[in-house]
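> from the sequence below, what's the structure:
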Amino acid sequence: MKIKNPRGLSLVVAASCCVSISASAHEIKSASNAAVMASFDLIETRIVTDHGHATFRTRVRADAGKVTPQSTGKFEGSEVYAYVWPTSLNSFDVGFEKDQGIVALAVTFHPDFDDAAYGRKNRDRWHPHWVVLNEDKACSGGLKVKDIPEGTKPKLPETWPGAPILIDSPEYKTELTADVVDVHIPLDKIGALATASFDGVTAGLRVNANLHTPLLCVTNVYKVASGNLSLPGKVAPGK
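Numbering: from 1, shown residues only. Presented below is the predicted three-dimensional model:
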């Protein structure tokens, strides 16, 4: 799926275009930007396959996962921080209906609510999600996690956490150490990953204070790895 720049990302993309960015045949390398918080300053973004697994990796300038949102004590209006890999995958590849929007893997932290599968707890740790993103002018960042209209019953993954949005909560091994974020995904679950394209984003999201649609908006984009969301990265076999 070709991604076009949403309205709310235009300023971020314009700023990023002034920074030296290179994409090899595989990973995306981004020049450091002192104006971006070190924890969200993307330096390298890649996806590598090896021994039946795909490893999603983001490297930042320093302190991966150190900065987390302040707790508000309530779900409505609460914040989410995320390391995100937008991909060329179709929503059908990750368990939703076909052609629903931009499929992204997101490693998130949100201290005010749990959204793990089967009612489990995950508010106290960084954890992965598949999300489907749509453009929405109501969101200051130009994007939202796609809402599920009331009364509809779309196709959903087994580990959908029950929220009225297109989100999945698989239990993938996720590690944040020093300047690196890693997520390990079995390829037998999502075979289309082997030929996917991708990009990298660090972002903040917010739950609607009125709990109306859009329920979960992208509100801040800290950095786009490619500078323009063109998905220049290519999944590479491990060496």
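> the residue with the largest distance to the centre of the chain: what secondary structure?
Largest separation from the mean C-alpha position in the chain: Gly151, at 27.1 Å (C-alpha atoms, centre = their mean). Going by DSSP: H, G, I helix; E, B strand; the rest coil, the secondary structure assigned to Gly151 is coil.
> okay, it: pLDDT?
At Gly151 the predicted local confidence, pLDDT, stands at 95.
> where does it fall, phi/psi-wise?
Backbone dihedrals for Gly151, given as degrees, to the nearest 10, come out at phi 90, psi -10.
> from here on, call the first residue 282.
In the new numbering, first residue 282, that becomes Gly432.
> which residues does it contact?
The contact partners of Gly432, by C-beta atoms under 8 Å, 6 or more residues apart in numbering, come to none. For the C-beta atoms, the positions are set from N, CA and C on the backbone; glycine is no exception.
> nearest spatial neighbour of Glu360, chain-adjacent residues omitted?
With C-beta to C-beta, 6 or more residues apart in numbering as the criterion, Glu360 has its nearest non-adjacent residue at 3.8 Å, and that residue is Pro350.
> got the contact list for the one you found?
Contact partners of Pro350, counting by C-beta under 8 Å, 6+ apart, are Ser359, Glu360, Val361, Tyr362, Phe390, His391, Pro392, Asp393, Gly485.
> ok, 7 Å please
With C-beta atoms under 7 Å, 6 or more residues apart in numbering as the criterion, the residues that contact Pro350 are Glu360, Val361, Tyr362, Phe390, His391, Pro392.
> give me the neighbour count for Gly423.
For Gly423, the tally of surrounding residues (other C-beta atoms under 10 Å) stands at 21.
> dump the residue contacts of the closest residue in space to Thr326 that isn't next to it in sequence.
Of all residues beyond its chain neighbours, the one nearest Thr326 is Gly481 (3.2 Å), with distances taken as C-beta to C-beta, 6+ apart. By C-beta under 7 Å, 6+ apart, Gly481 lies in contact with Ile309, Leu323, Thr326, Thr339, Trp366, Ala506.
> pLDDT at Gly481, what is it?
So, for Gly481, pLDDT stands at 98.
> worst mean pLDDT across the helices and strands of the protein, which element?
Within the chain, confidence by mean pLDDT, DSSP states H and E is lowest for helix 291-297 among all helices and strands, at a mean of 39.
> how near is the closest residue to Leu512 other than its chain neighbours to Val426?
Once its chain neighbours are removed from consideration, Leu512 has its nearest residue in Ser478; the separation is 4.2 Å (C-beta to C-beta, 6+ apart). As for Ser478, its distance to Val426 is 21 Å (criterion: C-beta to C-beta, to the nearest Å).
> looking at those two now, which is surrounded by more residues?
In this comparison of Ser478 against Val426, neighbours counted by other C-beta under 10 Å, the higher total goes to Val426 at 25 against 18.
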